[in-house]
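1. A structural model of the following input is requested.
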Amino acid sequence: LDANQCAQELYEKTLDELKEEDIWKLSDNRTHDSTQSTETVEAYIKRANEGEVVTFNWNFVREDNKSFDFEVVLSVVKDEVNEQNSIMIAQLKDVSSFNKSSKLIKVQGRILEEIAISVSLPVILDSVCRELEKLIPSAIVTIMKLDEKNNAIRLLAAPSATSEIRKAFKVIPLGDGNGS
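-> Modelled structure (predicted):
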């Protein structure tokens, strides 16, 4: 096993620590579709050993629960004289930011579609909140509007908030310690 700086950062290990690792321990037990990852990877390795260049997507969750999406390409460079000297190459490309951008573009498209077909503003704002909550699962999203006339902010949307939160956020006067 050899690894570049990117792999060292991903696994939060030094090169020497990575070289000592069991390669199977560097991967999750299950794939994104809940199949056993060892079975899936073994199938990919078999295909690569048979001469196929195998490309697949993989998700890795580090011990600190940080998630990374990768595009993996497996290929084998065969030594025609001594097959024992053949080398399997695994190229990993971090596509996490691309996947996040792609999700945001899809959300934007769904919201623009609602606007284009004249969906009411409260429904659109609820959609914005729900879509953001899908992207940030631990968040409860609210949309507030500045009411300059009454020097307050008013709740416009909070579909996942409890009734207590919606009541408390209905109108918040601006001032020291409020509305900031």
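2. Thought E21 was touching K13, still the case?
-> Yes: between K13 and E21 a contact is recorded at 7.3 Å, counting by C-beta atoms under 8 Å. Bear in mind the C-beta positions are built from the backbone N, C-alpha and C, glycine included.
3. who has more neighbours, those two?
-> Between K13 and E21, K13 has the larger neighbour count (other C-beta atoms under 10 Å), namely 16 against 13.
4. would you say that one is within a helix?
-> No: counting by DSSP: H, G, I helix; E, B strand; the rest coil, K13 falls outside a helix, being coil.
5. Got phi/psi on it?
-> Backbone torsions of K13, given as degrees, to the nearest 10, read phi -140, psi 150.
6. ok, now which ones touch it?
-> E21 (C-beta atoms under 8 Å, 6 or more residues apart in numbering).
7. Could I get the pLDDT score of it?
-> The model reports K13 with a pLDDT of 81.
8. Could you do T35 as well?
-> 56.
9. what about the strands in the protein?
-> Ranges of strands in the chain, per DSSP state E, are 54-61, 67-77, 87-94, 143-147, 152-157, 171-173.
10. Determine which stretch of the ones you listed is the most buried.
-> Comparing the strands of the chain by mean neighbour count (mean count of other C-beta atoms under 10 Å), strand 152-157 comes out on top with a mean of 18.
11. related to what we said a few turns ago, the strands of the chain: which one's closest to E39?
-> strand 54-61 (13.3 Å; C-beta to C-beta).
12. need the longest helix for this protein.
-> helix 96-116 (DSSP state H).
13. Rounded mean pLDDT for it, please.
-> For helix 96-116, mean pLDDT is 85.
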